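Asker: sequence unknown, structure follows:
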Ligand SMILES: [Zn+2]
């Protein structure tokens, strides 16, 4: 075998887990797309997935806020992701997963499985919820990763470094996905943790109380 071929084979064992995380507007999808496009330039065969929740731009592409796109397969959950990926895994060297916070904990097992098969896995997702708490399964993915890139955004209130995603408005769904106008990047000082008021009220009800009873026992 020619020496040029041996040099090329240095990249034959790319197995590693990379996590790209941070608040909204920190450029996570942009960084994921950048890495995947570099892999494509290096003639690596790339497969890219995202959950079925993100309909903000294209249904079959990852979109960053800065209009960069890359073709992605939309899947409902980790089981569907495996069902699509595994039959073709011999032809895939790099697996990208965007909005990874919207998958459940079995994504951690899948990442371990893929790296065990010698694949490079790159996952991007929010590290904290709108309440400012760790957003599973990203913390567990960060723990098993070879490399974690934690990005920050710019606080849309004061211009400081932003580590939180501020939710504006009163929609009750944690999963609501959108962009500017519904969310803001905020620094620690400007961030106000978002609380699901309906859930809090339900927790305050005495055991056995019916929802329609007057809340005379409260406070
Ligand atoms: Zn601020």
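Answerer: Ah, there it is. Bear in mind that the values here come from a model prediction, so they are computed numbers and not experimental data.
Asker: packing partners of the host helix or strand of residue 139?
Answerer: For residue 139, the host element (DSSP states H and E) is helix 138-144. Where contact means 3 or more Cβ pairs under 8 Å, 6 or more residues apart in numbering; DSSP states H and E, helix 138-144 is packed against strand 16-22, helix 106-116, strand 120-126. All C-beta atoms are positioned from the backbone trio N, CA, C, and that covers glycine.
Asker: can you do 10 Å?
Answerer: strand 16-22, helix 106-116, strand 120-126, strand 147-150 (3 or more Cβ pairs under 10 Å, 6 or more residues apart in numbering; DSSP states H and E).
Asker: list the contacts for residue 147?
Answerer: If a contact means Cβ atoms under 10 Å, 6 or more residues apart in numbering, then residue 147 has 16-20, 122 as its contacts.
Asker: one step back: so which of the helices and strands packed on helix 138-144 is the most surrounded?
Answerer: Compared across these, strand 120-126 shows the largest average neighbour count, a mean of 26 (mean count of other Cβ atoms under 10 Å).
Asker: quick one on the thing from earlier: among the helices and strands packed on helix 138-144, which is nearest the ion?
Answerer: Among those, the nearest to the ion by Cβ to the ion is strand 16-22 (15.5 Å).
Asker: quick one: that closest one to chain centroid distance?
Answerer: In terms of Cα atoms, centre = their mean, to the nearest Å, the centre of strand 16-22 is found 9 Å from the chain centre.
Asker: where do the helices sit along the chain?
Answerer: According to DSSP state H, the chain carries its helices in the segments 3-8, 28-41, 78-85, 106-116, 138-144, 197-204.
Asker: hmm, back to that, now tell me what touches the helix holding residue 139 from outside.
Answerer: Contacts with helix 138-144, where a contact means Cβ under 10 Å, 6+ apart, come from 17-19, 21, 97, 100-101, 103, 105, 107-109, 111-112, 115, 121, 123-128, 133-134, 137, 148, 150.
Asker: separation between residue 117 and residue 89?
Answerer: Residue 117 sits 7 Å away from residue 89, taking Cβ to Cβ, to the nearest Å as the criterion.
Asker: find residues that contact each of those two.
Answerer: Common contact partners of residue 117 and residue 89 (Cβ under 10 Å, 6+ apart): residue 95.
Asker: and this structure, which of its residues are near the ion?
Answerer: 155, 157-158, 160, 187, 190 (Cβ under 5 Å from the ion).
Asker: which pLDDT value belongs to residue 11?
Answerer: Looking at residue 11, its pLDDT is 54.
Asker: just want the most central residue of the chain.
Answerer: By Cα atoms, centre = their mean, the chain has its centre lying nearest to residue 125, at 2.0 Å.
Asker: run a quick check on it versus residue 96, I expect a contact.
Answerer: No: if you go by Cβ atoms under 10 Å, residue 125 and residue 96 don't touch, sitting 11.6 Å apart.
Asker: anything in contact with each of the two?
Answerer: By Cβ under 10 Å, 6+ apart, the residues touching both residue 125 and residue 96 are 20, 29, 32.
Asker: wait, what's in contact with residue 148?
Answerer: Contacts of residue 148 (Cβ under 10 Å, 6+ apart): 17-21, 127, 138, 141-142.
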